[in-house]
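Engineer: need a structure here:
(2 chains)
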Amino acid sequence: MDKKKLLDARNIDITLNRLARQLIENHDDFKDTVLIGLQSRGIHVMDKLLHILKSCGIENVASGTLDITFFRDDFRRRTSPLQPSMTKINVLLEGKKVVFIDDVLFTGRSVRSAMDAIQSFGRPAEIELLVLIDRRFSRELPIQPDYVGQQVDSLAGDRVSVEWKDQNASENAVYLEFAENE
Amino acid sequence: MSELSVNHLLGIKYLQSEDIELIFQTAQQFKEVINRPIKKVPSLRDITVANLFFENSTRTRLSFELAEKRLSADVVNFSASSSSVSKGETLIDTVNNILSMKVDMVVMRHPKPGAAYFLSQHVDSIIINAGDGAHEHPTQALLDSFSIQEKLGSLAGKKVVIVGDILHSRVALSNILCLQKMGAEVEVCGPSTLIPKHISSLGVRVSHDLRKSLEWCDVANMLRVQHERQDLKYFPSIREYSQLFGINKELLNDLKEKIVIMHPGPINRGVEISTDVADSDQSIILNQVENGVAIRMAVLYLLAAKKEISFSA
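Structural biologist: Have a look, this model is predicted:
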């Protein structure tokens, strides 16, 4: 499978720093804000953002991880069920400003499931969406991100992969892998 | 692996150790779900489950019903006392009648061993065995093993003694099979009249001395004496049974190691277990009950996943 590097480690660093500052612009001291990393790969983006926020002097930002497996709309429609990951939300979300964080936004179905799942922890005042990569023109639902690292044009069969050095990759990088030609 | 190797849960006998691990991993996540402010997920919203109880049950039926409802399934309940079974209808006819009303899964408890297996051969539905006579009670064994794993970190190499009425107990057989598949060592302990003759062929140790067993084990699972299944007298008196095979605080404190105490319920306080032991910090009886709902959610979810939804007429 041919692949093209969309972002290298330095680009990712610049992009994450921009996203963190955009969050600060809108959330000030994060008093009523809770960052929610979507399992399984959104949590890595969230960890990096929390680290940057800390270096900007904003500590103790409330955060959690959300697994959406049991809220998916393709249960009993795919060959095997996905393995669920850990949901860990120790704060009540009633009235809070929630920011969903994911690595790649594609069809929008995971985000729809997440909006369903998050209601189990209370009714947030608002929900925003931050993604590192937005695969635009591939949405199947009316969902758009509020914070975007980079937009990418890709075909449905392509794959966008985000790799992290601390997750056993050789470096932080984002790749676009092209679908095999028939 | 993210799929079960079986299409029904008829007994632990039919499960691979990978299946058991998958059920445990999934149950771990459901345990988090049932501790949320809103304890419900929509996974089974297009599934209807019939709970068929041809034998009395309180906690197992309640536990299954809660598990089904927390997965958003539609639930219908049926108990033998109020049914046509007393009018002479056969099991297959009863179940097929219920299935014609478009039921997707059947949870069944039945007094006859093999009833769940028999049903799975003759009707087109997902069958979950909630206890068949003195044969198997797979979800109880799964929740027991899951509770031990949760308490001790793993099952491999752990020593578990099952104490009491092994002869009439479906919990004992399912537990022995499940624990062995997960790498634990099992001993059964009880009066010789309540231990089946060839039980050692299952690879379990046999003991008639409770103190020795407790000194050997990490976990003691105390079974209830099943008076309702005993057709004749298996021991002279309850008082004698309690003295020889009942566990009390004095005995527990006398042991070198701090062991874990379990009981599948309902407990007979003062017979197989004393009140101070049942309520002690070594007892995980109530954790077992909580884990029961999570385990049953996992089983229902993973079995439902194997039945692809059909949109054809």
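
Engineer: wait, what's in contact with residue B:248?
Structural biologist: With contact set as CB atoms under 8 Å, 6 or more residues apart in numbering or on different chains, residue B:248 has these partners: B:274, B:276, B:277. The way it works is simple: take the backbone N, C-alpha and C, and place the C-beta from them, glycine included.

Engineer: Can you name the helix or strand that the last one falls in?
Structural biologist: Following DSSP states H and E, the helix or strand that holds residue B:277 is helix B:275-278.

Engineer: residues in contact with that helix?
Structural biologist: With contacts defined as CB under 8 Å, 6+ apart, helix B:275-278 is touched by B:247, B:248, B:249, B:252, B:261, B:263, B:267, B:269, B:283, B:285.

Engineer: C-terminal to that helix, what's the next element?
Structural biologist: Assigned by DSSP H and E, the successor of helix B:275-278 is helix B:285-304.

Engineer: Does that next one reach chain A?
Structural biologist: Yes. Counting by CB under 8 Å from any CB of the partner chain, chain A is contacted by helix B:285-304 at B:301, B:302, B:304.

Engineer: picking up where we left off before, and the contacts of residue B:248, which of them are buried?
Structural biologist: Buried subset of the contacts of residue B:248 (neighbour count, 16 or more other CB atoms under 10 Å in any protein chain shown): B:274, B:277.

Engineer: Can I get the contacts of residue B:248 in CSV including distance to residue A:73?
Structural biologist: Shown next, in CSV, are these (distance: CB to CB, whole Å):
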residue, distance to residue A:73
B:274, 52
B:276, 51
B:277, 48
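
Engineer: Let's have the contacts of residue B:248 in TSV, adding distance to residue B:238 and pLDDT.
Structural biologist: Below are these laid out as TSV (distance: CB to CB, whole Å; pLDDT from 0 to 100):
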residue	distance to residue B:238	pLDDT
B:274	14	93
B:276	19	93
B:277	17	93
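
Engineer: can you list the weak-confidence ranges in chain A?
Structural biologist: A:78-82, A:181-182 (pLDDT under 70).

Engineer: longest helix of it?
Structural biologist: Determined from DSSP state H, the single longest helix within chain A is helix A:9-27.

Engineer: Quick check: buried residues in the next helix-or-strand element following it?
Structural biologist: Later in the chain than helix A:9-27, the nearest helix or strand by DSSP H and E is strand A:33-38. Across strand A:33-38, burial judged by 16+ other CB under 10 Å covers A:33, A:34, A:35, A:36, A:37, A:38.

Engineer: In chain A, what residue spans correspond to strands?
Structural biologist: Taking DSSP state E, the strands of chain A run over residues A:3-7, A:33-38, A:62-66, A:97-105, A:126-136, A:147-153, A:159-163, A:173-177.

Engineer: What about the residue nearest to residue A:16 when sequence neighbours are not counted, how many residues nearby?
Structural biologist: Spatially, and ignoring its direct neighbours in sequence, residue A:16 is nearest to residue A:48 (5.2 Å; CB to CB, 6 or more residues apart in numbering or on different chains). When neighbours are counted by other CB atoms under 10 Å in any protein chain shown, residue A:48 registers 21.

Engineer: how about the residues of chain A that lie near chain B?
Structural biologist: Selection of chain A residues close to chain B by CB under 8 Å from any CB yields A:67, A:69-71, A:75-77, A:80-88, A:92, A:116-117, A:119-122.

Engineer: Quick check: residue B:239 is in a strand.
Structural biologist: No. Residue B:239 sits outside any strand when classified using DSSP: H, G, I helix; E, B strand; the rest coil, being helix.

Engineer: how near is it to residue B:226?
Structural biologist: Noted for residue B:239: a distance of 18 Å to residue B:226, by CB to CB, to the nearest Å.

Engineer: Neighbour count for those two, which is higher?
Structural biologist: residue B:226 (17 against 12).

Engineer: How about the contacts made by the residue lying closest to residue A:166 once chain neighbours are set aside?
Structural biologist: With sequence-adjacent residues excluded and distances taken as CB to CB, 6+ apart, residue A:166 is closest to residue A:44, at 7.8 Å. Counting by CB under 8 Å, 6+ apart, residue A:44 touches A:37, A:103, A:162, A:164, A:166, A:167.

Engineer: Please consider this matter closed, and thank you.
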